[in-house]
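Q: dropping a prediction and its sequence here:
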Amino acid sequence: LVRIEADTHFLSNDNARACALATGRISEGDDPYWQKAFIFCQMLTGEVGKAELGIALLRELGVEDEVFFALGDALAGGDKVIESMAKPAPLHLAMARAGNVQLPADVIAGNRPAVLRAVATSPNAPVELRLEAAERAEVAGALPVETLRHLYTSISFSAEDLANPLSRTAA
């Protein structure tokens, strides 16, 4: 239940509460979930060296989560490009948002309502991806229609788009 609570906080961009849970759980065992969450929290607090050591230890232990490792590198100042994130964990989405890593198009492939909602409200997703995620999330009941409406009204259209809306829509 605590893990579900932490995931909920990560999805709603409440990293402070998620990190408080991770800090409380890190000493209770060697669960990779809490270790990865704690490493992310170290990155957020500027303890990059400690976080990088933690990442190295996870790699040595054989933990397989290439998206986590790539996002950890991005948070540490490395490459901010993630090619694929087909099955993102809430932690992945929180890390991408904190590192301003643009979300790839396949992030919504799983069609999970909570992920769709997080992508729809994420500033690090392209607007087209945010709109698609928002529409799917609203249909699933995970996003209020008012949020979808606000997202559509926040988009600016070019003069060409406004002059030929039907042909631009078809294209």
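A: Yep, it's here. Only a predicted model underlies this, so the values are computations on that prediction, with no experimental measurement involved.
Q: where does pLDDT dip in this protein?
A: Residues of the chain meeting the criterion pLDDT under 70: none.
Q: would you map the helices across the chain?
A: Along the chain, counting by DSSP state H, helices occupy 2-11, 15-25, 32-44, 48-60, 66-75, 90-98, 113-120, 127-139, 145-153, 159-163, 165-170.
Q: which of these sits closest to A105?
A: Nearest to A105 among these is helix 127-139 (6.0 Å), distances taken as Cβ to Cβ. All C-beta atoms are positioned from the backbone trio N, CA, C, and that covers glycine.
Q: what comes up buried for that closest one?
A: For helix 127-139, a neighbour-count test (16 or more other Cβ atoms under 10 Å) marks 129-138 as buried.
Q: which other helices and strands contact that helix?
A: Counting contacts by 3 or more Cβ pairs under 8 Å, 6 or more residues apart in numbering; DSSP states H and E, helix 127-139 packs against helix 113-120, helix 145-153.
Q: need the helices of the chain in CSV (columns: distance to E83).
A: Formatted as CSV, the helices of the chain follow (distance: least, Cβ to Cβ, whole Å):
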stretch, distance to E83
helix 2-11, 22
helix 15-25, 25
helix 32-44, 20
helix 48-60, 19
helix 66-75, 9
helix 90-98, 13
helix 113-120, 17
helix 127-139, 15
helix 145-153, 26
helix 159-163, 30
helix 165-170, 29
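Q: show me what contacts E132?
A: Taking Cβ atoms under 8 Å, 6 or more residues apart in numbering as the criterion, E132 is in contact with I108.
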